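Trainee: Give me coordinates for this.
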Amino acid sequence: MISKIINELSVDCDKFFDEVADLNQERLDNEKSTNIRKEPDSRFQKVGLYKSIFVNTLNKYGVSLSEKENALISSVFSLSKEDRDKLDYVKIDKAFEDK
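Mentor: Sure thing, here's the model as predicted:
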């Protein structure tokens, strides 16, 4: 499946991942600043790659995944049951580097 994504990306994977990382960081920063305003003493810090950002950016680059492929990505690269909406960025990045 990783090969399919790489083959369907019409641009360099590094450019794709740079965009995904920038969008993800922006969302994490927004969440962090929102939470700090709500709970100033909190040590709130969420990590991971939002699945929605990853999938939406794939779609933007012309790569569409089936429901089965989305489920597979979620099961292989998800962080934990507590962060079901996030992928483990380190694992997914390594999978793409190894291909």
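
Trainee: Excluding covalently adjacent residues, which one is nearest to E19?
Mentor: T57 (6.0 Å; CB to CB, 6 or more residues apart in numbering). Quick note: C-beta positions are derived from backbone N, CA and C, even for glycine.

Trainee: quick one: contacts for that neighbour?
Mentor: Contact partners of T57, counting by CB atoms under 8 Å, 6 or more residues apart in numbering, are 16, 19-20, 23.

Trainee: in the protein, which residue is closest to the centre?
Mentor: L49 (3.2 Å; CA atoms, centre = their mean).

Trainee: With T57 as the reference, measure out to it.
Mentor: L49 is 10 Å from T57, where distance means CB to CB, to the nearest Å.

Trainee: okay, and the common contacts of the two?
Mentor: Joint contacts of L49 and T57 (CB under 8 Å, 6+ apart) are V20.

Trainee: Buried residues in the longest helix that the chain contains, which are they?
Mentor: Using DSSP state H to define each element, the chain has its longest helix at helix 13-38. Neighbour counts over helix 13-38 (16 or more other CB atoms under 10 Å) mark 13, 16-17, 20, 23-24, 28 as buried.

Trainee: next structured bit after it?
Mentor: Downstream of helix 13-38, the next assigned helix or strand under DSSP states H and E is strand 49-50.

Trainee: Relative to that next one, what are the paired strands and their orientations?
Mentor: strand 86-87 (antiparallel) (DSSP bridges).

Trainee: Not counting its own residues, what contacts the partner strand?
Mentor: 46-51, 54, 73-74, 77-79.

Trainee: Quick one, grab the pLDDT at the residue nearest to the centre of the chain.
Mentor: For L49, the model assigns a pLDDT of 92.

Trainee: show me what contacts it?
Mentor: 20-21, 24, 86-89, 92.

Trainee: nearest to K32, of those?
Mentor: N24 (12.4 Å; CB to CB).

Trainee: next one: phi and psi at E82?
Mentor: phi -70, psi -30 (degrees, to the nearest 10).
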